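Enquirer: A structural model of the following input is requested.
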Amino acid sequence: MVKIYASVLLAGLAVLIAWVFAHTYASNTDRTSFDPEHRFGKPGRRVVAGMVGFGMAGMSAEFSPKDLSWPVALILAVAGGTAAAWYAGWAGGGEEPD
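Expert: Numbers count the residues shown, from 1 in each chain. A predicted model of the protein is given here:
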């Protein structure tokens, strides 16, 4: 399961970094069609945050000093991904003014 958590985490971080660069580029050049915030909005932000949260929580649970079994680590990973996705939608802010 560690390979799954690591793969999802790396993919989520890569998408997150690309999201930040694309949003910054679109904001500085006034090209809203290139902006992932306008293209994907809150659902896209939640997917990316869920991937990062799932990977982080899964890796943390797998390498915990408590020696958790893999089903418990999977439950904790899903809980971490769900919490990260909820927080990204809640704290992401509203629509930017044009």
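
Enquirer: got a pLDDT number for the nearest residue to residue 70 once chain neighbours are set aside?
Expert: Leaving aside its sequence neighbours, residue 70 sits nearest to residue 1 (CB to CB, 6 or more residues apart in numbering; 5.2 Å). For every residue, glycine as well, the C-beta is placed using N, CA and C. Note on residue 1: pLDDT of 91.

Enquirer: give me every residue that touches residue 1.
Expert: 58, 62, 70, 73, 74 (CB atoms under 8 Å, 6 or more residues apart in numbering).

Enquirer: rerun at 10 Å
Expert: 58, 59, 61, 62, 70, 71, 73, 74, 77 (CB atoms under 10 Å, 6 or more residues apart in numbering).

Enquirer: Looking at those residues, spot the one nearest residue 9.
Expert: Proximity of these to residue 9 (CB to CB) peaks at residue 59, which lies at 6.4 Å.

Enquirer: what mean pLDDT does whatever helix or strand the closest one lives in have?
Expert: Using DSSP states H and E, residue 59 sits within helix 41-62. Throughout helix 41-62, pLDDT has a mean value of 95.

Enquirer: List the contacts of stretch 6-22.
Expert: Contacts for stretch 6-22 (CB under 10 Å, 6+ apart): 31, 34-37, 39-40, 44-45, 47-59, 62, 77, 81, 84.

Enquirer: which residues does the nearest residue to residue 64 once chain neighbours are set aside contact?
Expert: Distances taken as CB to CB, 6+ apart put residue 73 closest to residue 64, at 7.7 Å, once the chain neighbours are dropped. Shown in contact with residue 73 (CB under 10 Å, 6+ apart): 1, 2, 5, 57, 58, 59, 60, 61, 62, 63, 64, 66.
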